[in-house]
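> no sequence on hand, only this structure:
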């Protein structure tokens with residue numbers, strides 16, 4: 001049982017690592033797709049700056065070693081490599097390969113993995129360029145050096161284990177050993193790899209084999225959808241079974257100690273049980289020999305019964321203490337499991353936050369650079385748009401920082417920037433920003449403004465974050481109808497309602513809402529859950545609670561949902577205090593932190 005338990009735990013750790021590797025590769029392709037889309041927009045609207053922007057893309061992305069802009073006939077129109085822009089007389093035609101033909105038909109495509117002498121594996125990524133009439137007018141070809149992928153996967157480790165990647169034909173394309181990659185081995189014969197290549201995408205497979213260094217290994221694998229590549233996490237078996245040896249030695253030591261302890265206890269109990277009888281026997285013998293009455297410490301009848309009674313009391317006490325020890329043991333075990341679960345949530349959260357948010361931020365920063373470069377002929381209004389985008393990126397960076405510091409929320413060290421704001425104006429601004437997103441889906445969005453503006457003391461950025469999360473979710477899950485945002489007073493609080501005409505939430509999934517990593521995986525909203533991390537509503541709930549408010553929702557099948565939050569109406573903002581108790585002008589300590597400071 002112990003062996004099976006340890007192996008299952010090691011398997012769980014390996015599963016986490018192989019999924020991290022698959023996520024890194026998916027991010028690798030997503031980032032390339034977004035760069036292609038940005039280049040396509042640049043080529044479509046401003047061809048004269050395409051060469052310079054393409055050169056910047058290559059210089060800032062070491063994985064891209066060549067960029068070509070092709071006509072639908074395969075003619076190279078613009079070509080840029082690591083040395084710069086290629087002269088027009090050196091341009092040629094692209095071979096009509098299957099990936100190129102697929103891109104001409106309007107779908108992005110990736111070539112098979114091929115090797116360049118001394119440079120390792122490469123792929124070509126083909127992306128269509130479409131005009132305003134959605135007609136393909138050209139193709140972007142990017143030559144990608146997969147050696148960069150090997151470096152990005154090097155950080156995914158557990159003990160002596162590591163990640164490597166196989167293409168859909170079984171050839172090695174990424175491995176910690178660059179020399180092994182350059183030898184171009186085909187590893188299809190490894191059972192874990194052949195099972196993944198034949199099996200379903202995103203399904204985990206386990207295997208055991210001897211690797212190229214003659215080391216017996218235990219591994220996990222998963223096939224990446226769309227590309228057919230297989231990610232494998234390999235770990236030496238002796239490292240896995242070392243846990244078993246440690247547990248076996250610990251068990252033997254515990255057993256030996258228990259036996260010695262039991263012998264000592266048995267001797268002690270035996271001595272205490274026989275002493276009264278021996279004393280009784282001695283007294284009886286003295287009385288028989290001496291012929292005179294002695295003072296019996298233990299008399300023949302009553303003293304034996306008293307001894308039995310005392311022994312019974314002793315046993316009862318021992319049993320009571322044993323039960324107490326068992327209860328304490330269960331509590332310690334539960335507390336330990338809780339700490340492990342919290343640690344697991346922390347690691348998983350950081351992984352999700354870093355993988356899900358770093359790519360969009362990088363793309364946004366690239367686009368801002370391009371806008372800044374092209375802003376020479378912009379008017380004041382257009383320059384303001386660039387500044388607004390820059391502000392949005394900075395605000396998103398703050399949100400990422402807050403997400404990565406979610407442990408501060410759990411430790412009551414969450415700090416709010418409390419100032420006096422017009423809540424009506426804040427909501428109107430958020431609704432205006434998201435209205436175009438709703439209209440793209442054919443949805444109507446309205447904000448029922450109150451007769452008077454409502455002024456509250458709150459953190460504006462946090463309220464914007466909560467509102468954006470509520471409204472974005474409603475747009476995401478609503479296919480027909482629309483979204484209505486309303487503001488009303490409820491006692492001493494102000495309530496914000498976000499109602500939609502979506503499919504609602506299944507009863508069995510309602511308990512997951514507002515929980516950490518909670519997602520309605522099998523409910524009525526199943527179709528749109530795939531890309532969600534399950535943290536948005538949880539963070540929103542904690543933000544509102546730190547403001548002294550509360551959150552909730554109402555949902556019925558096929559009717560829609562109403563998500564709401566309430567915050568107190570306060571027009572006087574109290575003095576602010578930082579986490580260390582120093583006065584500051586722009587920070588307000590949360591209620592949980594005030595209690596923590598007071599206890600100290």
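Looks like it arrived, so ask away. Note that the structure is a prediction, hence the values are computed from the model and not measured. Numbering: from 1, shown residues only.
> mind checking the end-to-end distance for stretch 203-218?
In stretch 203-218, first residue to last residue: 17 Å (Cα to Cα, to the nearest Å).
> what is the mean pLDDT for it?
Taken as a whole, stretch 203-218 carries a mean pLDDT of 88.
> pull the number of nearby residues for the closest residue to residue 443 other than its chain neighbours.
Closest residue to residue 443 apart from its sequence neighbours, by Cβ to Cβ, 6 or more residues apart in numbering: residue 482 at 4.7 Å. Using the backbone N, CA and C atoms, a C-beta is placed for each residue, glycine as well. Residues near residue 482, counting by other Cβ atoms under 10 Å, number 19.
> does residue 482 touch residue 446 like I think?
Yes: Residue 482 lies in contact with residue 446 (Cβ atoms under 8 Å); the separation is 7.2 Å.
> any idea which element residue 54 lies in?
helix 50-60 (DSSP states H and E).
> which strands and helices sit next to that helix?
In terms of contacts (3 or more Cβ pairs under 8 Å, 6 or more residues apart in numbering; DSSP states H and E), helix 50-60 is packed against helix 2-45, strand 64-70, strand 76-81, strand 84-85, helix 302-373.
> okay, residue 540 and residue 370: tell me how far apart.
Distance from residue 540 to residue 370, counting by Cβ to Cβ, to the nearest Å: 33 Å.
> contact partners of the helix holding residue 54?
35, 39, 42-43, 64-67, 69, 78, 80-82, 84-85, 366, 369-370, 373 (Cβ atoms under 8 Å, 6 or more residues apart in numbering).
> run the last query once more with 7 Å
35, 39, 42-43, 64, 67, 69, 78, 80, 82, 84-85, 370 (Cβ atoms under 7 Å, 6 or more residues apart in numbering).
> pLDDT score assigned to residue 451?
Note for residue 451: predicted pLDDT of 87.
> what of residue 502?
Looking at residue 502, its pLDDT is 89.
> before we move on, what about residue 16?
Note on residue 16: pLDDT of 85.
> residue 124 now?
Here the pLDDT value assigned to residue 124 is 91.
> which residues does it contact?
Shown in contact with residue 124 (Cβ under 7 Å, 6+ apart): 99, 111, 141, 142, 143.
> narrow the residues you listed to those that are buried.
In these, burial by neighbour count holds for 99, 111, 141, 142, 143, counting by 16 or more other Cβ atoms under 10 Å.
> ok, the first one touching residue 126?
Yes: A contact is recorded between residue 99 and residue 126 when judged using Cβ atoms under 7 Å, the distance being 4.8 Å.
> overlap of the contact sets of those two?
Any residue near both residue 99 and residue 126 by Cβ under 7 Å, 6+ apart counts here, and that gives residue 109.
> number of nearby residues for residue 90?
Neighbour count of residue 90, defined by other Cβ under 10 Å: 8.
> which residue is the nearest non-sequential neighbour of it?
Leaving aside its chain neighbours, residue 90 sits nearest to residue 79 (7.8 Å; criterion: Cβ to Cβ, 6+ apart).
> and residue 540 and residue 370? Which one has more around it.
Ranked by neighbour count (other Cβ under 10 Å), residue 540 and residue 370 place residue 540 first, with 22 against 18.
> ok, the more buried one touching residue 469?
Yes: taking Cβ under 7 Å as the definition, residue 540 is a contact partner of residue 469 at 5.2 Å.
> ok, which stretches of the stretch 501-600 of the chain are strands?
Taking DSSP state E, counting those that start in this stretch as the test, the strands found in the stretch 501-600 of the chain are 550-556, 560-568, 588-589.
> just those: most buried one?
strand 588-589 (a mean of 24; mean count of other Cβ atoms under 10 Å).
> please work out the average pLDDT along that one.
Strand 588-589 shows a mean pLDDT of 44.
> can you check stretch 237-248 too?
Averaging pLDDT along stretch 237-248 yields 68.
> you'd agree residue 124 is in a strand?
Yes: the assignment for residue 124 by DSSP: H, G, I helix; E, B strand; the rest coil puts it in a strand.
> pLDDT score for the residue nearest to it when sequence neighbours are not counted?
Nearest non-adjacent residue to residue 124, counting by Cβ to Cβ, 6+ apart: residue 111, 4.1 Å away. The model reports residue 111 with a pLDDT of 89.
> for residue 111, grab phi and psi.
Backbone torsions for residue 111, taken as degrees, to the nearest 10, come to phi -80, psi 170.
> distance of it from residue 465?
Distance check for residue 111 against residue 465: by Cβ to Cβ, it reads 42 Å.
> repeat that for residue 69.
40 Å.
> again with residue 483
18 Å.
> helices along the protein, start to end?
With DSSP state H, the ranges of helices along the chain come out as 2-45, 50-60, 98-104, 147-153, 178-182, 191-198, 237-290, 302-373, 380-404, 406-410, 423-440, 460-477, 536-546, 591-599.
> which of the helices and strands in this protein ranks last by mean pLDDT?
Within the chain, no helix or strand scores below helix 591-599, which has a mean of 40 by mean pLDDT, DSSP states H and E.
> so this structure: which segments form each domain?
For the chain, automatic domain parsing gives the domain ranges 1-235, 240-344, 415-589.
> same list (those domains) but as a markdown table, adding distance to residue 384.
A markdown table is the format used below for those (distance: least, Cβ to Cβ, whole Å):
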| stretch | distance to residue 384 |
| --- | --- |
| domain 1-235 | 20 |
| domain 240-344 | 45 |
| domain 415-589 | 15 |
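> out of these, which gets the lowest mean score?
Among these, domain 240-344 scores lowest, with a mean of 68.
> is it true that the residue nearest to residue 124 touches residue 123?
Yes: in this structure, residue 111 is within contact of residue 123 by Cβ under 7 Å, at 5.5 Å.
> anything in contact with each of the two?
By Cβ under 7 Å, 6+ apart, no residue touches both residue 111 and residue 123.
> re earlier: tell me which of the buried ones among the contacts of residue 124 is nearest to residue 416?
Among these, residue 142 lies closest to residue 416 (Cβ to Cβ), at 44.8 Å.
> the closest one bridge partners, please.
Bridge pairing for residue 142 (DSSP bridges) gives the partners residue 67, residue 125.
> hmm, it is touching residue 65, no?
No: in this structure residue 142 lies outside contact range of residue 65 using Cβ under 7 Å: 8.8 Å.
> which non-adjacent residue is nearest residue 105?
Excluding its sequence neighbours, the residue lying closest to residue 105 (Cβ to Cβ, 6+ apart) is residue 136, at 7.4 Å.
> next one: the one you found from residue 82, what distance?
The gap separating residue 136 from residue 82 is 28 Å, by Cβ to Cβ.
> in terms of neighbours, single out the busier of the two.
residue 136 (15 against 12).
> list the contacts of that one.
Residues in contact with residue 136 (Cβ under 7 Å, 6+ apart) are 72, 104, 106, 128, 129, 130.
> filter these down to the buried ones.
72, 104, 128, 129.
> and which of the contacts of residue 136 is nearest to residue 211?
The shortest approach to residue 211 among these belongs to residue 128, at 40.9 Å (Cβ to Cβ).
> that closest one touches residue 103, doesn't it?
Yes: counting by Cβ under 7 Å, residue 128 touches residue 103, with 5.0 Å between them.
> now for these two: what residues contact both?
residue 139.
> buried ones in stretch 179-195?
In terms of neighbour count (16+ other Cβ under 10 Å), stretch 179-195 has its buried residues at 181, 182, 187, 190, 192, 193, 194, 195.
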